[in-house]
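Visitor: Give me a 3D structure for the following:
(2 chains)
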Amino acid sequence: MPKTKISDVNQKLEILRQRFRTKAAVELAHVQARASGIAAGSFMAADVLSVYQSLHRLAGSAGTFGFPELGKLARQLEIALKPLAEALATDPDGTVRAEPIARVVNAEFLREVDRLVQWLSEEGDRDDASAVTTEPGRAPVARAAEPVVLVVAPSSDVSRDLCQGLSLHGFQPRLVDQLEALDPAVLAREVSAVVLYDWELEAELPFLALGNDRPPVVCLGEEDTFLERYVLAEKGMDGFFTLPLDLPLLVDFIERLISERDELDRGRVMIVDDDPELLEHYSLVLEEVGLVVCRVNDPSTLLTSLSEFRPNLVLMDMQMGRYSGATLARMIRFDPEWLGLPIVYLSSEENRERQLEALSHGGDDFLTKPVSDHYLQRAVLVRCYRARQLEKLATRDSLTGLLKHSLANAEIENEFARSVRAGQESVVAMLDLDHFKRVNDRYGHRAGDMVIKGLANLLRHRLRKSDILGRYGGEEFIVALVDCALDDARAVMASVCERLSRIVFNAGDQEFSVTVSIGLARMNDYPTVEAAIEAADKALYERKHSGRNGVSLAPDSNLGRTG
Amino acid sequence: MDSLSGRLSRIMLVEDEEDIRTVAELALESVGGFQLKSLASGAEALEALPGFQPQLLLLDVMMPGMDGPATLKAIRRTPGFERTPIVFMTAKVQPEEVSGYLSLGAADVIPKPFDPMTLSEQIHDIWSRLVDR
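Guide: Okay, here's the model as predicted:
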């Protein structure tokens, strides 16, 4: 009997588990669409059978892939549907009678299906730890909450491919073919973007009324005419793609829309005001739109708070007891680090001359009190967004939005110091796309760029917000997995390899796919961050020499070591 | 050669779902140390029987085209494989269904979902029960 490497098996099982998860999500989306069709009155025998078969497949396989709970839930629904499916199967041409079907596929049945979908998207992660029972004490794999993309389309090959593709790119597709049942508020909260295939349904989109708070909507269409595009733009849609779909292009577009929306409300604002009630009021108003607020009530603590909180924007009262806002602004500018920080005065000063005088001291803008809550929100959001865009230009790689080389290193350095103090384990990964030169040579640089973005987006979705992602240049990336055991880092990175290899990229009418090699080193095993990066780099080259497309560990990084 | 003696090494798996085949390969080759040949359909299995000479077959019950029971009957008609133990793998584990499969001539039924880490042990158990007989 060959000597078994349980860790290898576990790693492979984890990959299969992730793959099953992707497929199960697509399968469930179809069950959901078909079952709601059946419940709504379309009694096709084939639909009932296909729902039954999907449930049977899930019941029989989910447990094998580490989702026993999902299997049990599917089994219950399968059993409920069984007598009906068997009757239909033995007499496929017989008259399908609506009444017994409606009795089984009822509102309760649909709720159970929804529960399955919900379970897979939420509870699936929590189940990780208990599902893999072979390695005691194994922690759940670090993973980000994947953004949900709502696909509004009839169940078809196009929608199936689209959902599959979105999953591969690290999104969580949710397929629906009718909109009435959806709660606008839930949608706005849970859904990151909407793809509308059947855009005749646009009028029914329940959340258009939400205005700016709704997720972006991308439409798909068969025909590409000026008029069609104009009409969609007029309706406030955010994008338009024609079939056949260039999926990586669509994914990148969605990615851009989502990140713009995220950035709009993830800004950091410092409010300086000596009136505690006003301070609290402004803070709540801004927090309501998702901004992160630091309240400074005592101006003398301003500088310390500034370097701790590192805001994107400062909102300052003009007159605070013995302190003047204008003087404080000038004081902030003493430090070269804050020369570019936007400072906005909140003031009842209406005299333009005095406003200008205050601005010459170092402020950037005025908001005149009294200011409506809504106006304050919009004004601060927009300014924050611009400030962050400017900051991004300096620190982020323009193609991928990941940190630039030097900054990634600096961030990793900081994070490492912090995590060592906290007694945590962290892992550094070096990634390099395989045979990337050939991609550029054969398919052109535009295709090459899509690949780079594809990997960047996949990393962004698969990893946590706290992890550090950098583009080292060319086709090379660096990742620091913070507070993450080596086993888990390896499983996550293996799933990145696996997913990337299954993404189909397009160049004109040619299709191709790519792979990535990854080297890992446990930072705690090295005296410095540079040494850890060097070790990860060596592991990466070891992987390049032993077949690429996969993950190698630095030899000094021992699995299973703790502390 | 009596295939029902000695150590079990050659197992043939017939299963239409690719990912389940992959898990079973891990479970039986990497974990169990068996020599496994996995095939996607009954027809392919019948073709591969003489060349591989499996000592035991694992058959999925629900497969498009030739399903598990049909494959079992065809194997039984293949010279040299009239007595080769055949184990069904199925998500249908109602007692009457299990006894139905056994009366078809199956050696045992392994319920799905199976646990990849213990599948080999289950098969070892079945094998030793058969050999003891």
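Visitor: give the contact list for A:Asp47.
Guide: A:Arg34, A:Gly37, A:Ile38 (CB atoms under 8 Å, 6 or more residues apart in numbering or on different chains). (C-beta placed from N, C-alpha, C; glycine too.)
Visitor: what's the helix or strand for the last one?
Guide: Translated: A:Ile38. Assigned by DSSP states H and E, A:Ile38 falls within helix A:6-39.
Visitor: Check the offset of that helix from the chain's centre.
Guide: 19 Å (CA atoms, centre = their mean, to the nearest Å).
Visitor: Quick one: mean pLDDT for that helix?
Guide: Helix A:6-39 carries an average pLDDT of 80.
Visitor: Mind listing what's buried along it?
Guide: A:9-39 (16 or more other CB atoms under 10 Å in any protein chain shown).
Visitor: now do stretch A:414-433
Guide: Those would be A:415-416, A:419, A:424-433, for stretch A:414-433 by 16+ other CB under 10 Å.
Visitor: for the lengthiest helix in chain B, packing partners?
Guide: The longest helix of chain B (DSSP state H) is helix B:119-132. Using 3 or more CB pairs under 8 Å, 6 or more residues apart in numbering or on different chains; DSSP states H and E, the elements in contact with helix B:119-132 are strand B:56-60, strand B:108-111.
Visitor: pull the helix or strand with minimum mean pLDDT from chain A.
Guide: Counting by mean pLDDT, DSSP states H and E, chain A has its least confident helix or strand at helix A:124-131, which shows a mean of 42.
Visitor: Report the contact partners of the nearest residue to B:Leu72 once chain neighbours are set aside.
Guide: In this structure, B:Leu72 finds its nearest non-sequential neighbour in B:Ile86, 5.4 Å apart by CB to CB, 6 or more residues apart in numbering or on different chains. Listed by CB under 8 Å, 6+ apart, the contact partners of B:Ile86 are B:Leu56, B:Leu57, B:Leu59, B:Leu72, B:Ile75, B:Gly105, B:Ala106, B:Ala107.
Visitor: make it 7 Å
Guide: B:Ile86 sits next to B:Leu57, B:Leu59, B:Leu72, B:Ile75, B:Ala106, B:Ala107 when contact means CB atoms under 7 Å, 6 or more residues apart in numbering or on different chains.
Visitor: Could I get the full set of strands for chain B?
Guide: According to DSSP state E, chain B carries its strands in the segments B:10-14, B:35-39, B:56-60, B:86-90, B:108-111.
Visitor: Up against chain A, what does chain B have?
Guide: B:17, B:19-20, B:22-23, B:26, B:30-31, B:33, B:62, B:91, B:112-114, B:116-117 (CB under 7 Å from any CB of the partner chain).
Visitor: Give me the distance between A:Glu534 and chain B.
Guide: 32 Å (CB to the nearest CB, to the nearest Å).
Visitor: where's that residue, which helix or strand?
Guide: Element membership of A:Glu534 [criterion: DSSP H and E] is helix A:529-545.
Visitor: can you check A:Asp47 too?
Guide: Per DSSP H and E: helix A:45-61 holds A:Asp47.
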